[in-house]
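[1] show me the folded form of this:
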Amino acid sequence: MADRGGQSVKVGSHVIARLTIGSNRIFTCKMNSGAVESALSANTLLSKFHCDMAFAIGPAGALSDSAPIGKWFQVSKIFAYQHGSEDSTGFVLAPNAIQTLAVPPHSINLPSLFKNLPDWDVASGETFVLSAGFRQRIQDLTHADTVDMNLYGLAAACADFKVPLYCWRVVSDHADEHAGDDFRKFTTDYDGAGARAIGEIIRFLPQNPISPTSYPGLRNLLDNAKATSP
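    Prediction:
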């Protein structure tokens, strides 16, 4: 799907991989659990490399039993459900606890997996939710459809660097007492469909005019050099 576009770069504890698909350069960085860790990872990557846009996929727990495990959706809004203040009336979200994501432009050719999906909101925080009671409190506070542990940090970093973020998530569990078992089963059975869909999006993006692979002659030279290299 992707070719190596250079040696990986280590910045602090973060390793950034450099790849190419067609004439487009891709930078990837693994994000550990938690919105804070995700913000650190994304900030590290974006401070090192210029990016025109960002794509994200991953799992999310459903805050409603009506969302089936395995269901994909497009993320429209993100709530940092642990970002706010506690007063005499209870917990109140901070004014900047909400991030709204842009709709993918027409220049992005969506693969079949991402077409005609529902637009759902995500409550994002530091906690893996394993309690129906806590799940209900999050839903009452945010009215979000799902919950995850990464997106708010990623969205905040992208907003800081003015990089548009387009995100799709798949339901991995129902954020209840069975979430641990359901999540492990989901990860065991997951076939990588989301990553293939992102690769398809990138492959059909407009060509990067400053990439050597945008020019047939240079691309042939690079392909020949790759074929003859030991």
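
[2] please identify which helix or strand holds Phe73.
    Secondary structure from DSSP states H and E places Phe73 in strand 72-80.

[3] tell me which strands the very next helix or strand once past that strand pairs with, and in which orientation.
    Using DSSP H and E, the helix or strand that follows strand 72-80 in sequence is strand 84-87. Looking at strand 84-87 with DSSP bridges, its partner strands are strand 90-93 (antiparallel).

[4] which residues touch the strand it pairs with?
    Phe79, Ala80, Tyr81, His83, Gly84, Ser85, Glu86, Leu141, Thr142 (CB atoms under 8 Å, 6 or more residues apart in numbering). Backbone N, C-alpha and C define where each C-beta goes, glycine included.

[5] which residues touch the strand holding Phe73?
    Under the criterion CB under 8 Å, 6+ apart, residues 35, 93-94, 97-101, 113-114, 117-125, 141-142, 144-146, 151-152, 155, 167-171, 194 lie in contact with strand 72-80.

[6] then stretch 33-42?
    Contacts with stretch 33-42, where a contact means CB under 8 Å, 6+ apart, come from 14, 29-32, 54, 80, 124-126, 128, 149-154, 156-158.

[7] tell me which residue is most central in this structure.
    Nearest residue to the geometric centre of the chain (CA atoms, centre = their mean): Ala56, 2.0 Å.

[8] and the strand or helix carrying Cys158, what does it pack against?
    Using DSSP H and E, Cys158 maps to helix 151-160. On a contact count with 3 or more CB pairs under 8 Å, 6 or more residues apart in numbering; DSSP states H and E, helix 151-160 meets helix 35-48, strand 54-62, strand 72-80, strand 98-100, strand 119-124, strand 165-173.

[9] mean pLDDT for the ones you listed - can I get that in CSV?
    Listed next are the helices and strands packed on helix 151-160 as CSV, based on pLDDT from 0 to 100:
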stretch, mean pLDDT
helix 35-48, 94
strand 54-62, 96
strand 72-80, 97
strand 98-100, 95
strand 119-124, 96
strand 165-173, 97
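
[10] among these, which is nearest Ile108?
    When the helices and strands packed on helix 151-160 are compared by CB to CB, strand 165-173 sits nearest Ile108, at 7.1 Å.

[11] before we move on, back to that, weed out the non-buried ones from the contacts of stretch 33-42.
    For the contacts of stretch 33-42, a neighbour count by 16 or more other CB atoms under 10 Å gives the buried set as 14, 29, 31, 54, 80, 124-125, 128, 149-154, 156-158.

[12] quick one, what contacts the closest residue to the residue nearest to the centre of the chain other than its chain neighbours?
    Nearest residue to Ala56 in three dimensions, chain neighbours excluded: Cys167, at 4.4 Å (CB to CB, 6 or more residues apart in numbering). Listed by CB under 8 Å, 6+ apart, the contact set of Cys167 reads Phe55, Ala56, Ile57, Gln74, Val75, Leu101, Leu151, Leu154, Ala155.

[13] likewise Leu141?
    Contact analysis of Leu141 by CB under 8 Å, 6+ apart lists Phe79, Tyr81, Phe91, Leu93, Ala123.

[14] do that again at 10 Å, thanks
    Counting by CB atoms under 10 Å, 6 or more residues apart in numbering, Leu141 touches Phe79, Tyr81, Gln82, Gly84, Gly90, Phe91, Val92, Leu93, Ala97, Ala123.

[15] which element is it on?
    Assigned by DSSP H and E, Leu141 belongs to helix 132-142.

[16] can you name the element that comes right after that helix?
    Moving toward the C-terminus from helix 132-142, the next helix or strand (DSSP H and E) is strand 146-148.

[17] what pairs with that following strand, and is each one parallel or antiparallel?
    Take DSSP bridges as the rule and strand 146-148 pairs in its sheet with strand 54-62 (antiparallel), strand 119-124 (parallel).
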